[in-house]
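1. Build the 3D model from these lines:
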Amino acid sequence: MARPVWAGTLTFGLVSLPVGLYTATDSHTIHFHQLQRGTFDRIRNRRVNERTGKEVQLDDIVKGYNTGAEYVLVEPKELDDIAPGRSRSLEIAGFVDLTDVDRALLDKIYYLGPRGAEHGKIYSLLEQALEKSGKAGIATFVMRQLSAYRLFSPVAYGRTSPALTAGSGSAAEDLG
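-> Coordinates of the predicted model:
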């Protein structure tokens, strides 16, 4: 059985349902290594101080933003503090007519399914209600430190399984 890339709770109103999120597409990207011609030895990249030419340890490296006059240093802890936290729930904020959704605004597709056979009937009821009404749920969600709106629909792209499709924040605002 496939492993979910995310597991949490689908919520709307007073209803909560344990779900898993699965990738619907595979990446067919080919990954190459850099090799020295003739020897097939792998090439490694090193972090080197531009001014001194000496190698720098990872612990001594910080991020900085060039304002033009100087660098403003940003510590990893500061970035962690402002990054959105991983969602534990997928909260459906509202519903829209599926015919009002411009498919050009949609991005990566995920399958969403119940976490455990005991939740299958409840999940199926939601799926059938959305399909019968021609509606799609608009939800907010954070995964891999990226926050976006999502479209939840059992009939998006003609699929019978619900697809959770990422859209840009502005695109999702246009839907509602």
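
2. measure the residue of the chain positioned farthest from its centre to residue 32 for me?
-> Distance from the centre of the chain peaks at residue 38, with 41.2 Å (Cα atoms, centre = their mean). Taking Cβ to Cβ, to the nearest Å as the measure, residue 38 falls 17 Å from residue 32. (C-beta placed from N, C-alpha, C; glycine too.)

3. ok, now residue 71?
-> Taking Cβ to Cβ, one finds residue 71 at 33 Å from residue 32.

4. ok, so what distance separates the spatially closest residue to residue 9 that is not a sequence neighbour from residue 141?
-> Spatial nearest neighbour of residue 9, excluding adjacent residues (Cβ to Cβ, 6 or more residues apart in numbering): residue 89 at 4.4 Å. Noted for residue 89: a distance of 8 Å to residue 141, by Cβ to Cβ.

5. The two: who's more crowded?
-> residue 141 (22 against 15; other Cβ atoms under 10 Å).

6. Before we move on, what's the pLDDT of that one?
-> pLDDT, residue 141: 72.
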